[in-house]
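Novice: got a predicted structure here, sequence first:
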Amino acid sequence: MAFLMKSMLSNQVKNLGLGGGGEENKEESGPSDPAAAAGMTREEYEEYQKQIVEEKMERDAAFTQKKAERACLRVHLREKYRLPKSEMDENQIQMAGDDVDLPEDLQKMVAEDQVEEEDKESILGQLQNIQNMDIDSIKEKAQATFTEIKQAAEQKCCIM
């Protein structure tokens, strides 16, 4: 009976964290070698770490390239609309190596915009704009203006 009481009390004391079982109080720590923790040999683990570092460098390079392309686009738009330049964009382009161009999709879009602008500026483009206008409303406005001028002239001139 004494044994039963002792085991019950010692379990309760252990649960409270007041000591009691020194042997079971050991910290369970994992293996100190990270390769063993990952279930690999030392060489495999080193190769894996190298591969991770290389992938991270590739991702960082791609990210820097994308940032530079975006900065190049912003610079292009600022030039097009005559907005002030941004030093931050120029720095991002320089960090990428100054060999940054607009992405192909954006180059196509820019080329299409330039073609459209050239068409609008040409005589044919102006003629197409004239076709798009509402001729009837233009006639009505012209006749109303002519009538107003005629009435103003009649009031001022006694001969008419």
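Specialist: All right, it came through fine.
Novice: residue ranges with poor pLDDT in the chain?
Specialist: Counting by pLDDT under 70, the chain contains low-confidence residues at 1-5, 8-9, 11, 13-31, 98, 119-120, 122-133, 158-160.
Novice: now the helices for it?
Specialist: Listed in chain order, the helices of the chain (DSSP state H) span 2-16, 34-38, 42-80, 87-95, 104-121, 123-132, 135-156.
Novice: got the CA positions of the fifth one in PDB?
Specialist: Included here for helix 104-121 are C-alpha records, laid out as PDB according to Å, rounded to 0.1, in the frame of the first residue of the first chain:
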ATOM      1  CA  GLU A 104       8.300  42.400 -75.300                       C
ATOM      2  CA  ASP A 105       4.600  42.700 -74.500                       C
ATOM      3  CA  LEU A 106       5.000  46.300 -73.500                       C
ATOM      4  CA  GLN A 107       7.200  47.000 -76.500                       C
ATOM      5  CA  LYS A 108       4.400  45.800 -78.800                       C
ATOM      6  CA  MET A 109       1.900  48.000 -76.900                       C
ATOM      7  CA  VAL A 110       4.200  51.000 -77.200                       C
ATOM      8  CA  ALA A 111       4.700  50.300 -80.900                       C
ATOM      9  CA  GLU A 112       0.900  50.100 -81.400                       C
ATOM     10  CA  ASP A 113       0.400  53.300 -79.600                       C
ATOM     11  CA  GLN A 114       3.000  55.100 -81.700                       C
ATOM     12  CA  VAL A 115       1.300  53.800 -84.900                       C
ATOM     13  CA  GLU A 116      -2.100  55.000 -83.600                       C
ATOM     14  CA  GLU A 117      -0.700  58.400 -82.800                       C
ATOM     15  CA  GLU A 118       1.000  58.700 -86.200                       C
ATOM     16  CA  ASP A 119      -2.300  57.800 -87.800                       C
ATOM     17  CA  LYS A 120      -4.200  60.400 -85.800                       C
ATOM     18  CA  GLU A 121      -1.600  63.100 -86.700                       C
END
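Novice: just give me the neighbour total for Ser137.
Specialist: By the criterion of other Cβ atoms under 10 Å, Ser137 has 9 neighbours. Any C-beta I mention is one placed from the backbone N, CA and C, and that applies to glycine too.
Novice: do the same with Ala36
Specialist: Ala36 - counted by other Cβ under 10 Å - has 13 other residues nearby.
Novice: gap between it and Glu44?
Specialist: 11 Å (Cβ to Cβ, to the nearest Å).
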